[in-house]
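Q: Here is my input; please provide its structure:
(3 chains)
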Amino acid sequence: MSTRRLVLFILLHVVIIVGAIVMFFPFLWTIITSITPGASLTSTPALIPANPSLGAYGRLFTERPFGQVILNSILLAAITTVVQLVTSSTAAYAFSRLPFRGRTLVFGLYLATMMIPLQVLIVPLFVELKTFGLIDSYLGALLPTFASAFGIFLLRQAINQVPVELDEAATLDGAGHFRTFWSIIVPNIRPALATLVVFSFMSSWNSFLWPLIVLRSPELQTLPIALAGLQGQYISDWDVIMAGSVVSVLPILAIYIFAQRYVVQGVASSGIK
Amino acid sequence: MTTVRVGRRRTKTKYALTVLAFLLPSAIPLLLFVLGPMVAALWVSLTKWNLLSPAQFVGLDNYVKLLSDPTTGAVFLHTLYYIAGYLPLVYIGGLALALALNTALKGRAFLRGIYFLPVVTSWIVVALVWRWLLSPSTGIVNVVLGWIGIHGPGWWTDPAWAMPSIILASSWKDLGFVMVILLAGLQAIPTDMYDAAKVDGAGWWRRLFSVTLPLLSPSTFFVIVISLINGFQVFDQVYAMTGGGPNGASEVVVEQIYDLTFRYGRAGDASALSWMLFIVILAVTLIQVRGQRRWVNYG
Amino acid sequence: MNRKILAAIGVVGVAALAMTGCASNSGSTSGKVTITYSNFISNGGNEANLAKIVTAFEKANPNITVKVKTLPYASYDEAQQTDLAAGTSADVFDIDGASNYGVYEENGVLAPLTSVPSSLYNKALLDTYATGGKQYGLPTSFSDVVLFYNKDLFDKAGVSYPTSSWTWKDETAAALKLTDQAAGVWGDHQPVTYNEFYKTLVQNGASFLNKAGTKVAFNTPAGLAAAKWLVDKSGTTMPTIADGQGTADFDTNLFKAGKLAMLHTGIWEFGAFADTPANWDIAEEPGSTQHANAVFSNGIGVSATSKNKDAAEKWAIYMSSSTEMVNVRLDSGWELPTISDTKKLNTYLDKGKPTHRQVVFDAAKTIAPAPSIGDNQSAMQDDITNELIEAQAGRETVQQALDNAEQKINALLKQ
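A: I've put the predicted structure just below:
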């Protein structure tokens, strides 16, 4: 290695590592603040807290219904995930394996819904769910998340990769489409399914606008809503707000660490045509 | 003869039913909760309605009113400001990181993991954490700036700095996302392309501009399309960080839709604004898809 | 894996069924009813006081349970409006003053109250919650904004305490002497908001709207002086926005920390300031050409869609007129009850800090009426506040701010 390349090599490492520290610092600062009692608008916490305390966490669970809130988040994310697995994989199978007239058009229509963000639908959705009497219920929060164009797109790509010969062999054995789907396709697209699981769970866990509108009672609320509420309730108690942030990040972080491969693969594969 | 025809018809019907069975689980929610509401929004946009008293039909009044209201222009402008600040930042930052991590770097997977961490964090957490980091008097950013003799700005409390604060926080969150997409694109570029360029005596920058970027264009295209669609819908971090303030300096389109509906009781105007936003997103996306032939290289 | 997925789907199915069931469970079983009460008045320090009143009510009415939902003042209106639109409103809910009452009443979301013991209430306030001879809401409390001051800081700077004969000039002179930026001590604090502005206008002989309420009337020399009175403190005797001024709690925390000599705020802070070590007291706000005070009344109403209107009305009446409520409010220094029997209020005067509680009643004698314009009320309030803040931050002149606000609000009034 020439000196010049060595210098470049070291420089690159230094920049990347310093960058990583800068990227990680906000998380560290969040944790530090959360264990510094009385961290407020009038004082900046020290890097190493003099009197660390978990008091702020205690307040989350005693003064606010954070235990219930966490359960709500888990319940909603789990249901969204399972339902999206079903709706996405069946649709993806149809678009990949079941030719019918106008399929391209229907598929195009499905993809076009990706361009219609929920944000532009809040008024009619609100009125619709009010008519169904589903405002302020879990189901009201869930229904609009039941189909995911992204999931269908992702799984269709995966099913396209499964050799058609496998289906044909099954058909020769007398299997219908449901059998083929269940025993040939599903087992062969497990990595893509895993990616979808992680994505659905994450997006439900983090979703904000719709739950904010539809979940009215404090005991039905999910973490992001409760967190945004903390800001109104504990305006200058940054230790409590940061403790709430830590609590809401930890579960998703755990999932990310276990499923990192699928997350990164999912993002990466969505970018390649 | 007849039995065969009936049988064929029966298999045809059966096939159609099978297709339906596979499509309905997704088609019903999409119809009920996306396309239906989309049409309903069009109707609401023609009414004056505060969601409490009965709606009154007012024709195109809401559109006329919105188009002549300077606030409408302002919220679109703020949204564009957000995109214009955010997109170059995450793209150039993400590209630099992807290029660096695409070399033989020690602990690459770990570093990639660190850079990706903010991606899985919710927008609300990102907004709250950055609100605290950028707190004007006691936030760590201004404290550190103070050490080196810089008097930090008022960040989210100052109209001139509110949007930059949001852009900064958003870029921090999405940098890793862009990096991973571009990294995947980079890894798909065959190494012999670089070898050929090297033989031709092309330096690092030459190779970047004549090999890497053209071959990376599909990934770049994807990043831009997604960033624009998401950029026009920006809401969560604005709501939690500035609430659109101070004095509406960071009020974006979706925040305005929300405020009109639930704060000012103007659901008709909100729906009209929703449709305007949808048309803008549609137009921008179509222009990009049309324009991609000129610069996107699918090799 | 297959079996696991099946099991998961089963769980989801059961959960979905269970959920539709638990969406509405506010029915009545065996004569017992649960009513919900959504409020902002107890937020930020009075939660325990409200709980005391609830307990007393439940004891007196064993078949009624009150479920309380407390929201921060800043997000209350938006949340309540959304709930009303969604049909998920609490049975009983707070009404933030007479202007909001008007909006609610017009849209028919309030149930008429039929068994109100009218004689127990202050008549003038009770009438603000009646329309067409029917009572649609009840006043729960009244409060006013006064001048809080830190005696220790006044003593240290050798400045004499504020009196009712003070004018703006005296306040400014004192504030300048009291400000010691090096020590982080500020002389004065007055929020730059709509609520302060409409009052200062009257203090200077101007008014927010014209008599007919059809046009803005604040863009006059007297109005400009009033706006300047609010805006110009920032940076000289009051912290700037960059210092954190304007964020909620900033001013009260500064006062509690003994770093603020004078503070314009409401008497609802008595409880929150009770434990601060500093010696503090209150005085009537200085005027310019005359005294004028912002008096706020909070109200309470029953939702037109409530399934338990009778129980809900009982609670609304209890919360606004019962002896237990009066006692809790007086003991804790919470906002004052709006009862007709003012003799009951006498004990309030000697309940400890602050000493000059008489000021609370004196201030209520000269009221600056709040402008009320119906549906666009929140938009109007936001517009004037935002423009004043622009001027405060120095991005506009005060005159430009008033010009802009006049244009925006006149447009709202035309709608």
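
Q: Spell out for me which residue occupies the centre of the chain.
A: Here I'm looking at chain A. A:Met202 (1.4 Å; C-alpha atoms, centre = their mean).

Q: actually chain B
A: Nearest to the geometric centre of chain B sits B:Asn230, at 1.4 Å (C-alpha atoms, centre = their mean).

Q: does that residue belong to a helix or a strand, and which?
A: helix B:217-232 (DSSP states H and E).

Q: same for that helix, what does it pack against?
A: On a contact count with 3 or more C-beta pairs under 8 Å, 6 or more residues apart in numbering or on different chains; DSSP states H and E, helix B:217-232 meets helix A:238-271, helix B:70-101, helix B:159-187, helix B:267-295. Every C-beta, even on glycine, is put in place using the N, C-alpha and C of the backbone.

Q: how far out from the middle of the chain is it?
A: 8 Å (C-alpha atoms, centre = their mean, to the nearest Å).

Q: Show the secondary-structure elements that whatever helix or strand comes next after it is packed against.
A: Per DSSP H and E, helix B:217-232 leads on to helix B:236-241 as the next helix or strand towards the C-terminus. Judged by 3+ C-beta pairs under 8 Å, 6+ apart, the packing partners of helix B:236-241 are helix A:223-233, helix B:123-133, helix B:159-187, helix B:253-262.

Q: Mean pLDDT added to those helices, as CSV?
A: Shown next, in CSV, are these (pLDDT from 0 to 100):
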stretch, mean pLDDT
helix A:223-233, 85
helix B:123-133, 92
helix B:159-187, 91
helix B:253-262, 92
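
Q: pLDDT at C:Met1, what is it?
A: According to the prediction, C:Met1 has pLDDT 40.

Q: B:Leu145 too?
A: For B:Leu145, pLDDT reads 92.

Q: Surely it and B:Trp155 touch.
A: No: using C-beta atoms under 8 Å, B:Leu145 is not in contact with B:Trp155, being 10.7 Å away.

Q: okay, now the domains of chain B?
A: B:2-44, B:61-295 (automatic domain parsing).

Q: Out of those, which is the most enclosed?
A: domain B:61-295 (a mean of 19; mean count of other C-beta atoms under 10 Å in any protein chain shown).

Q: Tell me the residues of the stretch 51-200 of chain A that contact chain C?
A: For the stretch 51-200 of chain A, the contact set with chain C under C-beta under 8 Å from any C-beta of the partner chain comprises A:75, A:78-79, A:82-83, A:85-86, A:126, A:130, A:133-140, A:142, A:182, A:186-187, A:190.

Q: hmm, 10 Å instead?
A: Residues of the stretch 51-200 of chain A lying close to chain C by C-beta under 10 Å from any C-beta of the partner chain are A:63, A:75, A:78-83, A:85-86, A:123, A:126-127, A:129-142, A:182-183, A:186-187, A:190, A:193.

Q: Got a ChimeraX select line for the buried ones in these?
A: ChimeraX command restricting these to the buried ones, with burial defined by 16 or more other C-beta atoms under 10 Å in any protein chain shown:
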select /A:75,78,79,80,81,82,83,85,86,123,126,127,129,130,134,135,136,137,138,139,140,141,142,186,193
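
Q: all strands of the stretch 101-250 of chain C, in order?
A: Along the stretch 101-250 of chain C, counting by DSSP state E, counting those that start in this stretch, strands occupy C:130-131, C:134-135, C:138-150.

Q: which stretches of the stretch 151-300 of chain C have low pLDDT?
A: Scanning the stretch 151-300 of chain C for pLDDT under 70 picks out C:248.

Q: Up against chain B, what does it have?
A: C:239-247, C:250.

Q: can you do 7 Å?
A: C:241-244, C:246 (C-beta under 7 Å from any C-beta of the partner chain).

Q: TSV for those, including neighbour count?
A: Converted to TSV, these look like this (neighbours: other C-beta atoms under 10 Å in any protein chain shown):
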residue	neighbour count
C:Ile241	22
C:Ala242	21
C:Asp243	21
C:Gly244	22
C:Gly246	22
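
Q: For residue 117, which non-adjacent residue is spatially closest?
A: Using chain A here. Of all residues beyond its chain neighbours, the one nearest A:Pro117 is B:Gln233 (4.4 Å), with distances taken as C-beta to C-beta, 6 or more residues apart in numbering or on different chains.

Q: Not quite, go with chain C.
A: C:Ser321 (6.4 Å).

Q: contacting residues for the one you found?
A: C:117, C:120-121, C:339 (C-beta atoms under 7 Å, 6 or more residues apart in numbering or on different chains).

Q: State the distance from it to chain A.
A: Using C-beta to the nearest C-beta, to the nearest Å, C:Ser321 is found at 28 Å from chain A.

Q: quick one on the thing from earlier: any idea which of the helices and strands packed on helix B:217-232 gets closest to chain C?
A: Counting by C-beta to the nearest C-beta, chain C lies closest to helix B:159-187 out of those; the figure is 6.9 Å.

Q: near chain A, anything from the closest one?
A: Yes: in terms of C-beta under 7 Å from any C-beta, part of helix B:159-187 sits within range of chain A, namely B:172, B:177, B:180-181, B:184-185.

Q: I'd like these as CSV, with distance to C:Asp281 appended.
A: As requested, those are exported to CSV (distance: C-beta to C-beta, whole Å):
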residue, distance to C:Asp281
B:Trp172, 48
B:Phe177, 57
B:Val180, 62
B:Ile181, 64
B:Ala184, 68
B:Gly185, 69
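
Q: TSV for the residues of the stretch 151-300 of chain C next to chain B, including distance to C:Thr276?
A: Output for these, formatted as TSV (distance: C-beta to C-beta, whole Å):
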residue	distance to C:Thr276
C:Ile241	25
C:Ala242	26
C:Asp243	21
C:Gly244	19
C:Gly246	22
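
Q: Also near chain A: which of these, exactly?
A: Filtered for proximity to chain A (C-beta under 7 Å from any C-beta), those shrink to C:Gly244.

Q: can you list the domain ranges for chain C.
A: C:33-143+C:296-350, C:144-294+C:365-414.

Q: These into CSV, with extra columns for distance to A:Phe107?
A: CSV is the format used below for the domains of chain C (distance: least, C-beta to C-beta, whole Å):
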stretch, distance to A:Phe107
domain C:33-143+C:296-350, 35
domain C:144-294+C:365-414, 44
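
Q: Close to chain B: what parts of the stretch 51-200 of chain A are there?
A: Residues of the stretch 51-200 of chain A lying close to chain B (C-beta under 7 Å from any C-beta) are A:86-88, A:90-91, A:93-94, A:98, A:100, A:110, A:113, A:115-117, A:119-125, A:128, A:143-144, A:146-147, A:152, A:177.
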